[in-house]
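Predicted model follows, preceded by the sequence.
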Amino acid sequence: MKLAFFGDVVGKPGRQAVVDHLPEVRRALELDFVVINAENAAGGFGLTEAIAEEFFGAGADCLTLGDHAWDQREALTYIERESRLLRPVNYPQGSYAPGKGSALYVLPDGRRVGVIQAQGVVFMKQLLENPFGAVDKALEEMPLGMVADAVIVDMHCEATSEKMAMGHFCDGRASMVVGSHTHVPTADHMILSGGTAYQSDAGMCGDYDSVIGMQKDNSLARFVTQLPNKRYEPALGEGTLCGLFVETDDSTGLAIKVEPIRVGGRLSKTQ
């Protein structure tokens with residue numbers, strides 16, 4: 001099976017990169033299933049129904065969120081109606097968070113893809129429950145090679161160590177574990193010893209002439225003066241579609257190939 005995960009979509013440049021490039025990337029790589037982290041798609045903060053539908057129309061099969069899940073309040077109700085939208089699986093029990101954090105999706109040919117979204121706790125302002133227990137439970141509900149033909153885990157967090165730990169925790173039980181949230185693509189894409197494809201961060205879909213997708217002047221002013229400034233606004237230059245491609249073995253669901261995807265903008269592999 002051929003899978004792709006695309007990192008956090010930031011603002012209009014990120015949305016445009018998805019719309020402009022995803023259909024062709026999906027065709028060229030013969031992708032069977034596409035996941036996009038869309039938590040920063042609406043002006044850099046949250047996701048709206050209209051934007052989600054635009055991504056589905058461009059070729060996304062599942063959208064994941066993160067610590068900005070509810071920045072757009074309509075997401076609280078939209079996620080209850082849209083099974084292809086996932087929030088972190090490790091919300092505290094009894095918090096009554098809407099939606100769900102994992103799901104099993106059935107392709108037209110009958111193959112099944114499990115997707116799990118988890119949010120880390122190290123250096124994160126929003127403290128959820130330990131993600132490892134929640135991910136373990138979700139993996140047990142969709143064992144790779146038995147219930148699911150492929151499993152994708154989106155580990156949304158700040159600390160590289162926490163992302164790497166999740167990769168090894170899921171090794172042999174997931175097709176791919178990929179980090180999101182930090183918006184900078186890492187160069188450590190690999191297949192772990194148990195057969196799980198891994199990358200610490202897929203990078204963002206957005207304008208890389210920026211500070212993690214936001215306009216440089218405002219971000220620099222905050223760092224230099226240590227004073228609050230204007231509200232963060234997304235940079236508006238050409239966006240790059242940034243993600244990870246994984247091909248799996250049909251019999252085991254484990255990875256046999258992994259490589260980054262970077263199309264358009266400053267990080268395009270073709271430039």
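Yep, it's here.

My guess is L47 contacts E39. True?
Yes - the pair L47 / E39 is scored as a contact, 6.2 Å apart, by Cβ atoms under 8 Å. Glycine gets a C-beta too; all of them are placed from N, C-alpha and C.

what is in contact with those two at once?
In terms of Cβ atoms under 8 Å, 6 or more residues apart in numbering, L47 and E39 are both contacted by the residues L65, A69.

now the closest residue to Q93 other than its chain neighbours: how far from V178?
If you skip the residues right next to it in sequence, Q93 has E129 as its closest partner in space, 7.4 Å away by Cβ to Cβ, 6 or more residues apart in numbering. Distance of E129 to V178, given as Cβ to Cβ, to the nearest Å: 21 Å.

between the two, who's got more neighbours?
V178 (32 against 17; other Cβ atoms under 10 Å).

Quick one: residues contacting the more buried one.
Residues in contact with V178, defined by Cβ under 8 Å, 6+ apart, are F5, I152, V153, D154, M155, A197, Y198, Q199, D201, A202, L244.

Adding pLDDT, secondary structure and distance to S219, write the residues you listed out as JSON lines.
Listed next are the contacts of V178 as JSON lines, based on pLDDT from 0 to 100; DSSP: H, G, I helix; E, B strand; the rest coil; distance: Cβ to Cβ, whole Å:
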{"residue": "F5", "pLDDT": "99", "secondary structure": "strand", "distance to S219": "26"}
{"residue": "I152", "pLDDT": "99", "secondary structure": "strand", "distance to S219": "31"}
{"residue": "V153", "pLDDT": "99", "secondary structure": "strand", "distance to S219": "30"}
{"residue": "D154", "pLDDT": "98", "secondary structure": "strand", "distance to S219": "25"}
{"residue": "M155", "pLDDT": "98", "secondary structure": "strand", "distance to S219": "25"}
{"residue": "A197", "pLDDT": "99", "secondary structure": "strand", "distance to S219": "32"}
{"residue": "Y198", "pLDDT": "99", "secondary structure": "strand", "distance to S219": "29"}
{"residue": "Q199", "pLDDT": "98", "secondary structure": "strand", "distance to S219": "25"}
{"residue": "D201", "pLDDT": "98", "secondary structure": "coil", "distance to S219": "19"}
{"residue": "A202", "pLDDT": "98", "secondary structure": "coil", "distance to S219": "21"}
{"residue": "L244", "pLDDT": "98", "secondary structure": "strand", "distance to S219": "26"}
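
Restricted to buried residues, select these in ChimeraX.
The buried residues among those can be selected in ChimeraX (16 or more other Cβ atoms under 10 Å) with this line:
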select :5,152,153,154,155,197,198,199,201,202,244
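
Most widely separated two among the contacts of V178?
Farthest-apart pair in those is I152 and D201; separation 15.0 Å (Cβ to Cβ).

need the strands for the stretch 1-150 of the chain, in chain order.
All strands of the stretch 1-150 of the chain, identified by DSSP state E, counting those that start in this stretch, fall at 2-6, 33-37, 62-64, 85-86, 102-106, 112-119, 150-156.

which residues sit against the first one?
When you say that, I think you mean strand 2-6. If you take Cβ under 8 Å, 6+ apart as the criterion, strand 2-6 is touched by 18, 22, 25-26, 29-37, 113, 150, 152, 154, 175-176, 178, 202, 205, 241-248, 261.

And stretch 246-256, end to end?
One end of stretch 246-256 sits 8 Å from the other (Cα to Cα, to the nearest Å).

buried sites along that stretch?
Within stretch 246-256, the residues scored as buried using 16+ other Cβ under 10 Å are V246, E247, T248, G253, L254, A255.

Going by distance to P92, which of the contacts of V178 wins?
Top of the list for closeness to P92, among the contacts of V178 and by Cβ to Cβ, is M155 at 18.4 Å.

re the thing from before, which of the buried residues of stretch 246-256 fall in strands?
Counting by DSSP state E, the part of those found in strands is V246, E247, T248, A255.
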